[in-house]
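Colleague: what's the 3D shape of this:
(chains A, B and C)
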Amino acid sequence: MRVGLLVTCLNDALFPDAGKAVVTLLRRLGVDVDFPPGQTCCGQPMVNTGYLDEAVPAVRATVEAFAGYDAVVVPSGSCAGSVRHQHGIVARRAGDPGLAVLADRTYELSEFLVDVLGVTDVGASFPHRVTYHPTCHSLRMLGVGDRPRRLLEQVRGLTLLDLPAAEECCGFGGTFAVKNADTSVSMGSDKVRHVLGTGAEYLVAGDSSCLMHLGGLLRRQRAGVRTAHLAEILAAT
Amino acid sequence: MTAREEVLARVRAAVRDAASVERPTPVPGAAGGVELFCERVADYRAVVEQCTADELPARVAAALSGLTYVVPDGLWLDLPDGVRDEPTLSAAELDGIDAVVTAAAVGIAETGTIVLDHGPGQGRRALTLVPDHHLCLVRADQVVPDVPDAVARLDPSRPLTWISGPSATSDIELTRVEGVHGPRHLHVVVVG
Amino acid sequence: MSTFLGTPPFPQAARTALADPQLRQNLAHATHTIRDKRARVVAEVEDWEALRQAGAAIKDHTLAHLPDYLEQLEAALTAAGAVVHWARDAAEANAVVAAVAKAHDVDEVVKVKSMVTQEIGLNEALAAEGIAAWETDLAELIVQLGDDLPSHILVPAIHRNRAEIRRIFADRMAAAGRPAPDDLTDEPAELAAAARLHLREKFLRAKVGVSGANFAVAESGTLVVVESEGNGRMCLTLPEVLVSVVGIEKVVPSFADLDVLLRLLPRSSTGERMNPYTSMWSGVRSGDGPQEVHVVLLDNGRTNALADDVGRTALRCIRCSACLNACPVYERVGGHAYGSVYPGPIGAILNPLMRGVGTDPQVDSLPYASSLCGRCEEVCPVAIPIPEILVDLRAQVVDAHRGSVTPKPEAIAMKGAAKAFGSGRRLGLSERLTGLALGLARRLPLVSAWTGTRDLPPAPRQSFREWWRDDRP
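Modeller: Numbering: from 1, shown residues only, chains lettered A, B, ... in the order given. Reported below is the predicted structural model:
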């Protein structure tokens, strides 16, 4: 099985450690993951803002980059959701059904680990207090359910603390975070309050975008809680 | 073009290419009986009791003690002291009467609902609306498990009033208050 | 009487609302209370998902065959003694109601709470004809007496707390009829009792009642009104004349379809197994209730929504308001920020669908009033894919402004992104991506919107693709 990593434009540019962690993790599990360099962005920022024509080149680049791969692994619920549910919209717009072909072989990281590789104990060790925020797109768009929790529960030394109102949106929402910045921050502040209430050292999620938003709020408050991508915890030994 | 022609023309144009969708297969309801019915009526903070046909007159007399009440034609319990709606009572006259006693068409166990079809013993709709107490007599064999069973038994050509507990509102801070405009007291007696 | 005219685009309206801590507190309490109640009664139903898919199918089937069902409804209503009117828009519908009132020489009507009559501005239209329209739902009464605007579909005064309501009753009831008792406290039961007394004289004397309808059954001509307080029954039963304004999307084919919808609606709306009162009537019933019955079938933009291949499913909406209560945006900003009688997620799609995009910046801002978190779709009893429709409407908004002589910075940035993201290799994106992202941020008014309250992440030493290419172990 040829496995390609769709690292996402955000991880590529701003959170490379999340991408590196996926590589470390998958290699440890015996998967020779590849990074096709033709990839750019899944197209989600454009689609979600209404720029369908502008999304076509990005979607095409993504589809072409992963043409030879049996499985596409994405360390992001949101971008995996974009490939699965939005590439079809762009394909219709462009009149090119070929732009929607990745939908059936694209997996969010926790889905790939649990459903394709069949593992929940990935051999990780992370002796810290952690709380997990299930991001909206992983939870409701993809339906990853409790897969991330099951993975975290097997990590040696990790104390998983329940996050109150966990299923509430953090308020990131792509360009929502700047178009409706006040509402976005209000939502994020409530999430941060819940995170701080858990006493966790780390806030973990499967989407760097949400973590960028929440991490930005946490840093501004000098709250001392660090953010980490799910992959970074699962890669830790 | 008349408004009718134009609206219909717009509708036709709008759905010309819409895919047809099959009507759904029935979704079965729950399976409760009289016990559940009584529990669920009580959940609405209505008064509910069960009795035999022999016990009924005494129960009704107790429930109506001290109240003036109107009795619709055709009620299967004889209540000679009740006010009749004959000649038709005005809304103001009804407003001066404390209570009304009626039969029902159907009781729904799952939701604790009584349905009136305003047939014999149930009166026209205003009778069960203006007085502040509604005493409703439901025969045990009129209780059906869930909403689908009730819909199957009812005739839409008749006016229908579905009643689930006393009049209520949650408009102020979502605090439930029983009793706004409809009867503030609902008393259901299940017979048999 | 207040109107929604002049509401600014959503982000500005939201900012104002967010600055009101009392409003935030009232909203959070109310939305969470109903949310929890809904969750409890939905969990009781064995196969809720099958029920909501059945609800969706009933509505989709009806919409696909709407011309036939509308004509069937008209025929059934007429056969049952009702007079059927058709209205292309608000003005035509309002004119029908005013004409009926005038024909009976009345200067007041009593109203059942109805979204559609708010949508068409019926009260204002009747007032212009010298006819007072009394709202009789407790929350609508609070809104009307307070010269306020509704902010929720189910609980229009959700933004008011008990102290505010007591003040409105004490100050304003006298001018509209029976005054509030002198010793009125802010206990909800006392406030409700004051409303009962205030409105009862109006119910008893009213000659003309006005309603909407939750459902209209094509085969039998049966209209359905679902309510809690009994004010609906009063308006539907006591007056001599009844006018019901019904949106054309309210039709269902058969009486049996109500079985599904009456299981879905109360649980989703008030979080009850069943609402206190549901009235069903088919035209005129001799000796019982209004002896003159009018039904106005209204378009007012519904056919625009119906013609939208993606947005059509929004017309499944049964106005339960579960999506409002579930929405993290609505919970924080309330209904007024949406500038319409239809607020929240459903309003963010219905308003643009019915009114069209590309002309009014307020309407154009609504599809963006969502983080696309998906809770609305999850709780919708007829499974309307609200996030998908929001995204489609965003594309419609963007497309409506394509070719503008003064493109927005956002449009220019997106064009730049399209080019940059066209090919990773050819553009040598690897080295430029971080710079590009930050460059994008600077082209938009992004940076200040972000950094006002949030730190930007520190730029990494190298991008992932640089690491993969150069330093991968």
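Colleague: partner strands of the least confident helix or strand in chain B by mean pLDDT and their direction?
Modeller: When each helix and strand of chain B is scored by mean pLDDT, DSSP states H and E, strand B:177-178 comes last, with a mean of 89. Take DSSP bridges as the rule and strand B:177-178 pairs in its sheet with strand B:168-169 (antiparallel).
Colleague: how about the host helix or strand of C:L204: buried residues?
Modeller: Counting by DSSP states H and E, the secondary-structure element that holds C:L204 is helix C:188-205. By neighbour count with 16 or more other CB atoms under 10 Å in any protein chain shown, helix C:188-205 contains the buried residues C:188-196, C:198-200, C:202-204. All C-beta atoms are positioned from the backbone trio N, CA, C, and that covers glycine.
Colleague: need the three-state assignment for the residue nearest to the spatial centre of chain C.
Modeller: Closest residue to the average C-alpha location of chain C: C:Y342 at 2.7 Å, with CA atoms, centre = their mean. What DSSP: H, G, I helix; E, B strand; the rest coil gives for C:Y342 is coil.
Colleague: any idea how far it is from chain A?
Modeller: 19 Å (CB to the nearest CB, to the nearest Å).
Colleague: how about C:S370?
Modeller: 7 Å.
Colleague: let me see the confidence value for the closest residue to that residue other than its chain neighbours.
Modeller: Counting by CB to CB, 6 or more residues apart in numbering or on different chains, C:S370 lies nearest to C:L390, which is 5.4 Å off, once chain neighbours are set aside. pLDDT for C:L390: 98.
Colleague: run a quick neighbour tally on the residue of chain B found nearest chain A.
Modeller: Closest residue of chain B to chain A, CB to the nearest CB: B:D17 (14.7 Å). Other residues within reach of B:D17, judged by other CB atoms under 10 Å in any protein chain shown, total 8.
Colleague: which phi and psi does the nearest residue to it once chain neighbours are set aside have?
Modeller: Sequence neighbours aside, C:D309 is the residue nearest to B:D17 in space, at 7.6 Å (criterion: CB to CB, 6+ apart). With angles defined as degrees, to the nearest 10, C:D309 sits at phi -60, psi -40.
Colleague: related to what we said a few turns ago, any residue of the helix holding C:L204 touching chain B?
Modeller: Yes. Counting by CB under 8 Å from any CB of the partner chain, chain B is contacted by helix C:188-205 at C:P188, C:A189, C:L191, C:A192, C:A193, C:A195, C:R196, C:L199, C:R200, C:F203, C:L204.
Colleague: just the CA atoms of that helix, as PDB, please.
Modeller: Provided in PDB are the C-alpha atoms of helix C:188-205 (Å, rounded to 0.1, in the frame of the first residue of the first chain):
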ATOM      1  CA  PRO C 188     -42.900  34.300  36.100                       C
ATOM      2  CA  ALA C 189     -46.200  32.900  37.300                       C
ATOM      3  CA  GLU C 190     -47.400  36.400  38.300                       C
ATOM      4  CA  LEU C 191     -46.200  37.800  35.000                       C
ATOM      5  CA  ALA C 192     -48.100  35.100  33.100                       C
ATOM      6  CA  ALA C 193     -51.200  35.700  35.200                       C
ATOM      7  CA  ALA C 194     -51.000  39.400  34.300                       C
ATOM      8  CA  ALA C 195     -50.900  38.500  30.700                       C
ATOM      9  CA  ARG C 196     -53.800  36.200  31.100                       C
ATOM     10  CA  LEU C 197     -56.000  39.000  32.500                       C
ATOM     11  CA  HIS C 198     -54.700  41.600  30.100                       C
ATOM     12  CA  LEU C 199     -55.500  39.400  27.000                       C
ATOM     13  CA  ARG C 200     -58.700  37.700  28.100                       C
ATOM     14  CA  GLU C 201     -60.900  40.800  27.400                       C
ATOM     15  CA  LYS C 202     -59.400  41.000  24.000                       C
ATOM     16  CA  PHE C 203     -60.100  37.300  23.300                       C
ATOM     17  CA  LEU C 204     -63.600  37.600  24.400                       C
ATOM     18  CA  ARG C 205     -64.500  40.500  22.300                       C
END
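Colleague: helices or strands up against the longest helix seen in chain A?
Modeller: The residue-count maximum for a helix in chain A (DSSP state H) belongs to helix A:181-198. Counting contacts by 3 or more CB pairs under 8 Å, 6 or more residues apart in numbering or on different chains; DSSP states H and E, helix A:181-198 is packed against strand A:129-132, helix A:176-179, helix A:208-220, helix C:10-18, helix C:328-333.
Colleague: kindly export it (C-alpha atoms) in CSV.
Modeller: Presented in CSV, the C-alpha positions along helix A:181-198 are these (Å, rounded to 0.1, in the frame of the first residue of the first chain):
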residue,chain,number,x,y,z
ALA,A,181,-13.3,38.1,15.0
ASP,A,182,-15.4,39.2,18.0
THR,A,183,-17.6,36.2,17.9
SER,A,184,-14.7,33.9,17.2
VAL,A,185,-12.8,35.2,20.2
SER,A,186,-15.8,35.0,22.4
MET,A,187,-16.1,31.3,21.5
GLY,A,188,-12.4,30.7,21.9
SER,A,189,-12.3,32.4,25.3
ASP,A,190,-15.0,30.1,26.6
LYS,A,191,-13.0,27.1,25.3
VAL,A,192,-9.8,28.4,26.9
ARG,A,193,-11.7,28.8,30.2
HIS,A,194,-12.7,25.2,30.1
VAL,A,195,-9.2,24.1,29.2
LEU,A,196,-7.7,26.0,32.1
GLY,A,197,-10.3,24.5,34.4
THR,A,198,-9.0,21.0,33.7
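Colleague: can you name the next helix or strand after that helix?
Modeller: By DSSP H and E, the next helix or strand past helix A:181-198 is strand A:202-205.
Colleague: direction included, what does the next helix or strand after the helix holding C:L204 pair up with?
Modeller: Where DSSP H and E defines the elements, the next helix or strand beyond helix C:188-205 is strand C:208-211. Sheet partners assigned to strand C:208-211 using DSSP bridges are listed as strand C:108-111 (parallel), strand C:241-247 (parallel).
Colleague: let me see the residues that make contact with the first one.
Modeller: In this case it means strand C:108-111. C:97, C:101, C:117, C:122-123, C:126, C:131-136, C:140, C:199, C:202-203, C:206, C:208-211, C:234-235, C:239, C:243 (CB atoms under 8 Å, 6 or more residues apart in numbering or on different chains).
Colleague: before we move on, back to that, so the residue nearest to the centre of chain C makes contact with C:I349?
Modeller: No. Using CB atoms under 8 Å as the test, C:Y342 is too far from C:I349 to be in contact (9.0 Å).
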